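Trainee: Give the three-dimensional model of this entry:
(one chain, ligands or ions: 1)
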Amino acid sequence: MREDHRTQHQRNNLSIVTTLFTRTTAYIAVALLSYALGYLSRSSPPQPTQAPPPPPPSVFQLANFPTQLDNFRITAHCSNSPLPPHLVFPTILDRVFNGSSPYTNFPSPHLSPLIKKKRTKSSGSMDAVFEQLIKRVKPKVVIEVGAFLGSSALHMVNVTRKLGIQTQILCLDDFRGRPGFKDIIMVNGDVLLLQQFMQNVVYFNATDSVLPVPFSTGSGLEKLCEWGITADLLEIDAGHDFISVWGDINWAYRILRPGGVIFGHDYFTSADNRGIRRAVNLFAEMNNLKIQTDGNYWIIDTAFAK
Ligand SMILES: C[S@@+](CC[C@H](N)C(=O)[O-])C[C@H]1O[C@@H](n2cnc3c(N)ncnc32)[C@H](O)[C@@H]1O
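Mentor: Numbers count the residues shown, from 1 in each chain. Down below sits the predicted model:
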């Protein structure tokens with residue numbers, strides 16, 4: 001009897017579960033069906049109308065298409081009227097030194113004990129290339145980019161004196177040397193390189209033909225360009241990494257008199273990863289110019305295109 005009662009109870013339970021399951025399944029099926037119908041009957045979003053492809057560039061456009069390298073060209077404005085050579089020094093005195101010579105009353109009494117009477121040593125600064133180029137170009141104006149103690153500038157003074165050529169030499173340098181350079185005395189964090197350079201010029205009695213331009217190469221060359229100062233002979237020997245040389249050589253080229261010569265040191269180094277040679281080669285390639293070499297110097301004579 002008890003057995004019958006238990007069986008009946010189990011059957012009731014099974015029937016409830018079956019009913020629930022069947023209803024749930026039916027609900028889910030209806031819901032899925034509605035979703036599917038809704039999805040299928042949705043209105044599709046408007047497709048953007050496709051623009052017609054641009055016309056192919058003309059031959060003219062292709063010829064003037066900027067390459068990525070064109071982004072690195074120097075395009076700042078330079079004066080359209082180059083100054084005559086005899087106005088170069090007066091212009092620098094006026095614009096850079098407020099109208100008076102930096103050599104006036106130099107060296108001051110407090111400076112004299114701190115600098116040497118003469119200190120000019122620098123590698124490669126007396127190489128034969130200077131005399132050869134000065135003979136070839138007979139420059140009225142030389143600009144040296146990176147002058148240090150003035151060794152090569154004063155060597156050029158000697159050569160021009162020997163050859164009887166009237167030459168004015170501008171020495172553009174920030175006169176900081178390089179970080180860690182300990183040979184020049186420092187006073188309160190200020191290295192006395194400009195003062196030692198000027199003392200060397202005074203020692204060689206060359207204040208009439210050598211003038212420092214104490215600025216970074218970038219800002220200095222930009223100003224020379226703006227003031228209409230050009231050079232017949234231009235030496236690049238400041239920063240030796242690719243970016244520095246690339247900037248210097250491109251700026252310098254803008255202030256080189258047409259047909260002038262631009263040259264620089266350290267073209268051949270044991271491992272040319274710093275970049276002088278790469279920068280010079282790329283510059284010559286882009287401007288269709290020929291590179292000559294003399295010892296460790298590179299030379300570009302703009303009178304001779306490739
Ligand atoms: C190798 S020395 C020049 C030597 C000199 N041409 C000679 O032979 O006597 C390099 C000079 O470039 C200068 N220089 C380096 N980077 C410069 C920059 N960005 N602007 C101005 N001068 C810089 C340094 O102060 C240093 O005096």
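
Trainee: Test my guess that residue 174 contacts residue 216.
Mentor: Yes - with contact defined as CB atoms under 8 Å, residue 174 reaches residue 216; the gap is 4.9 Å. For the C-beta atoms, the positions are set from N, CA and C on the backbone; glycine is no exception.

Trainee: all helices for the chain, in order.
Mentor: 2-40, 59-63, 88-96, 128-137, 151-163, 193-203, 217-227, 242-254, 276-286 (DSSP state H).

Trainee: Around the ligand, which positions in the stretch 151-300 of the chain sit nearby?
Mentor: 151-152, 173-177, 216-217, 237-239, 244 (CB under 6 Å from any ligand atom).

Trainee: how about the residues you listed in a markdown table, adding pLDDT and neighbour count?
Mentor: Output for those, formatted as a markdown table (pLDDT from 0 to 100; neighbours: other CB atoms under 10 Å):
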| residue | pLDDT | neighbour count |
| --- | --- | --- |
| 151 | 97 | 19 |
| 152 | 97 | 26 |
| 173 | 98 | 26 |
| 174 | 98 | 18 |
| 175 | 97 | 23 |
| 176 | 96 | 14 |
| 177 | 93 | 16 |
| 216 | 98 | 16 |
| 217 | 98 | 22 |
| 237 | 96 | 23 |
| 238 | 97 | 23 |
| 239 | 95 | 22 |
| 244 | 96 | 21 |
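
Trainee: Reformat those as a markdown table; add distance to residue 85.
Mentor: Rendered in a markdown table, the data for those read as follows (distance: CB to CB, whole Å):
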| residue | distance to residue 85 |
| --- | --- |
| 151 | 24 |
| 152 | 20 |
| 173 | 21 |
| 174 | 25 |
| 175 | 25 |
| 176 | 29 |
| 177 | 30 |
| 216 | 25 |
| 217 | 22 |
| 237 | 22 |
| 238 | 23 |
| 239 | 28 |
| 244 | 28 |
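
Trainee: Tell me the one of the residues you listed nearest residue 140?
Mentor: Minimum distance to residue 140 across these is 18.1 Å, recorded for residue 152 (CB to CB).

Trainee: List the residues that contact the closest one.
Mentor: Contacts for residue 152 were tallied using CB atoms under 8 Å, 6 or more residues apart in numbering; they are 122, 124-126, 130, 144, 235, 237.

Trainee: Just the closest of those residues to residue 207, please.
Mentor: residue 144 (15.9 Å).

Trainee: center of this structure, which residue is that?
Mentor: Nearest to the centroid of the C-alpha atoms of the chain, with distances taken as CA atoms, centre = their mean, sits residue 247, at 3.6 Å.

Trainee: Can you tell me the closest non-neighbouring residue to that residue?
Mentor: residue 218 (5.8 Å; CB to CB, 6 or more residues apart in numbering).

Trainee: Show the contacting residues for that neighbour.
Mentor: 247-248, 251.

Trainee: would you turn those residues into TSV with pLDDT?
Mentor: Listed next are the contacts of residue 218 as TSV, based on pLDDT from 0 to 100:
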residue	pLDDT
247	96
248	97
251	95
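
Trainee: Between the residues of the stretch 151-300 of the chain next to the ligand, which sits nearest residue 139?
Mentor: For these, the nearest to residue 139 is residue 152 (13.7 Å; CB to CB).

Trainee: now that closest one: how far from residue 233?
Mentor: Per CB to CB, to the nearest Å, residue 152 is found 12 Å from residue 233.

Trainee: Same check on residue 250?
Mentor: Distance from residue 250 to residue 233, by CB to CB: 18 Å.

Trainee: of these two, who's got more company?
Mentor: residue 233 (25 against 18; other CB atoms under 10 Å).

Trainee: check contacts around the residue lying closest to the more buried one once chain neighbours are set aside.
Mentor: Counting by CB to CB, 6+ apart, residue 139 is the residue found nearest to residue 233 once chain neighbours are left out, at 4.0 Å. By CB under 8 Å, 6+ apart, the contact set of residue 139 is 165, 167, 231-233, 260.

Trainee: nearest to the ligand, of the residues you listed?
Mentor: Nearest to the ligand among the contacts of residue 139: residue 233, at 13.2 Å, using CB to the nearest ligand atom.

Trainee: any weak-confidence spans in the chain?
Mentor: The chain contains residues with pLDDT under 70 at 1-48, 56-76, 270-273, 306.

Trainee: Summarise which helices and strands the strand ranked longest in the chain is packed against.
Mentor: The single longest strand within the chain, with elements called by DSSP state E, is strand 256-264. Counting contacts by 3 or more CB pairs under 8 Å, 6 or more residues apart in numbering; DSSP states H and E, strand 256-264 is packed against helix 128-137, strand 231-236, helix 242-254, strand 297-301.
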